[in-house]
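**Q** sequence first, then the predicted structure:
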Amino acid sequence: MRVVETQQMQFGELVIGDIEIDPKSRDDVPAVLKGLQWIYCHEPTRQRVFELLQEKIQPGVDMKVGRPGMQLWRVLVLAVLKQGLNCDFDRLQDYANHHNTVRQMLEHSVGFHRGKPSGPTPIM
């Protein structure tokens, strides 16, 4: 089911505004995540982005079916990371499964697993 964002947080999740992103990092991932965090924390911008996303969904797509847990926010995060980092799907999958800050931005729990990520795996 495609939803814009879930209302109920799960154990181990952080509020996106509370995610600590290293401001001194020279890597490209924190810069992209900081931009996404800004979009999420500014309500008018976030609402406009979600409106644009919903307009771009093909008219024949039923929002009541689809992959459970794949919210529009997660779709946006993965798409922006893929474009912003100019990476392939293998690198994107690795970030989504093993990069703690990316997992927090995807609203997945971190730190409650050994070896395998906890929570849903966003990309198969």
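**A** On my side now, so go ahead. Being a predicted model, the structure only gives us computed values, none of them experimental.
**Q** so residue 104 makes contact with residue 19?
**A** Yes: assessed by C-beta atoms under 8 Å, residue 104 is found in contact with residue 19 at 4.8 Å. Where you see a C-beta, it was placed from the backbone N, CA and C, and this is true even at glycine.
**Q** more neighbours, these two?
**A** Per other C-beta atoms under 10 Å, whichever of residue 104 and residue 19 has more neighbours is residue 104, with 23 against 18.
**Q** check what pLDDT that one gets.
**A** For residue 104, the pLDDT comes out at 90.
**Q** in terms of helices and strands, where is it?
**A** Secondary structure assigned from DSSP states H and E places residue 104 in helix 100-105.
**Q** and that helix, what's buried?
**A** Under the neighbour-count criterion of 16 or more other C-beta atoms under 10 Å, helix 100-105 has 101, 102, 103, 104, 105 buried.
**Q** please name the residues that touch the second one.
**A** To tie it back to what came earlier, the one meant is residue 102. Taking C-beta atoms under 8 Å, 6 or more residues apart in numbering, we find residue 102 in contact with 29, 33, 77, 81, 95, 96.
**Q** inside helices: which ones of the residues you listed?
**A** Among these, the ones falling in helices (DSSP state H) are 29, 33, 77, 81, 95, 96.
**Q** picking that back up, got the contacts of residue 102 as JSON lines, with distance to residue 57, neighbour count and pLDDT columns?
**A** As requested, the contacts of residue 102 are exported to JSON lines (distance: C-beta to C-beta, whole Å; neighbours: other C-beta atoms under 10 Å; pLDDT from 0 to 100):
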{"residue": "29", "distance to residue 57": "27", "neighbour count": "19", "pLDDT": "95"}
{"residue": "33", "distance to residue 57": "24", "neighbour count": "24", "pLDDT": "95"}
{"residue": "77", "distance to residue 57": "16", "neighbour count": "23", "pLDDT": "95"}
{"residue": "81", "distance to residue 57": "20", "neighbour count": "23", "pLDDT": "96"}
{"residue": "95", "distance to residue 57": "24", "neighbour count": "22", "pLDDT": "94"}
{"residue": "96", "distance to residue 57": "21", "neighbour count": "23", "pLDDT": "92"}
